[in-house]
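>>> The sequence isn't on hand, but the structure is:
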């Protein structure tokens, strides 16, 4: 006999705005949905009023959902979509505008290691620009993986704010692991937003917010769900 559990009473945690919308009383979301191959792109712009309904900050949210990246062609398709969608958030940024990329999370925790692992694969160029030897086809980039407060004894926000105040980037891109309310979204969804991020939110350990409101620099947050609540499983 199939046993069904009603999960509505558990109020499953999620960092994905698209899931929050489906869980809320927000009845008329204006979601722009498009597809590229087997990849689904959902975009929504939350007004201040709408944001109060689903308890997410007002701003732009892009959710990219895919099924498989083990195939080379699927990887290439996803790279194209990510590049195209991220470029929409980078309008107004020139090649010689400094972007600080921040990899949030704990490299020693598999589910929380996305941010630091991304930083290991970033081509940093800021020092080359300062030496005047950088090929101008590359963006001016600095990168940091500040680890977690439990390892450093320093709030992640304080580290980032100090660096931002020192090097004065034009934009911050923060990359972090997220929580989802569906197992099917683990490692198969990417969320991009211009609203900033709360480090540790994926595991319910909310730290100081990193956003335009707190560091006075625009913040784009890119996240991938790597965890779900036990109730979901």
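Sure thing, it's come through. All figures in this text were calculated on a predicted structure; none of them were measured in a lab.

>>> Longest helix of this structure, counting residues only.
The residue-count maximum for a helix in the chain (DSSP state H) belongs to helix 72-89.

>>> Pull out the buried residues from it.
Neighbour counts over helix 72-89 (16 or more other Cβ atoms under 10 Å) mark 74, 77-78, 81-82, 85-86, 89 as buried. To be clear about C-beta, it is placed using only N, CA and C from the backbone, and glycine gets the same treatment.

>>> quick one: strands adjacent to whatever helix or strand residue 60 lives in?
Per DSSP states H and E, residue 60 falls inside strand 59-65. In the sheet, strand 59-65 lines up against strand 39-46 (antiparallel), strand 189-193 (antiparallel) (DSSP bridges).

>>> helices or strands next to the helix or strand of the chain at the bottom of the mean pLDDT ranking in the packing?
When each helix and strand of the chain is scored by mean pLDDT, DSSP states H and E, helix 48-54 comes last, with a mean of 83. When contacts are defined as 3 or more Cβ pairs under 8 Å, 6 or more residues apart in numbering; DSSP states H and E, helix 48-54 sits against helix 17-23.

>>> who touches the helix it packs on?
Residues from elsewhere that reach helix 17-23 (Cβ atoms under 8 Å, 6 or more residues apart in numbering): 11-12, 14, 29, 31, 42, 44, 46, 54-56, 61, 63, 180-182, 185, 191, 193.

>>> Try it again at 10 Å.
Contacts to helix 17-23, defined as Cβ atoms under 10 Å, 6 or more residues apart in numbering, come from residues 8, 11-14, 16, 26-27, 29, 31, 42-44, 46, 50-51, 53-57, 59-63, 65, 179-182, 185, 189, 191, 193, 195, 225.

>>> Could you give the bridge partners of residue 221?
residue 174, residue 193.

>>> gap between it and residue 210?
8 Å (Cβ to Cβ, to the nearest Å).

>>> now do residue 35
32 Å.

>>> which one of these two has more residues nearby?
Legend: neighbour count by other Cβ atoms under 10 Å for residue 35 and residue 210, higher for residue 210 (25 against 10).

>>> Need the residues touching each of residue 221 and residue 210.
Residues within reach of residue 221 and of residue 210 at once, by Cβ under 10 Å, 6+ apart, are 102, 104, 172, 174, 176, 196-198.
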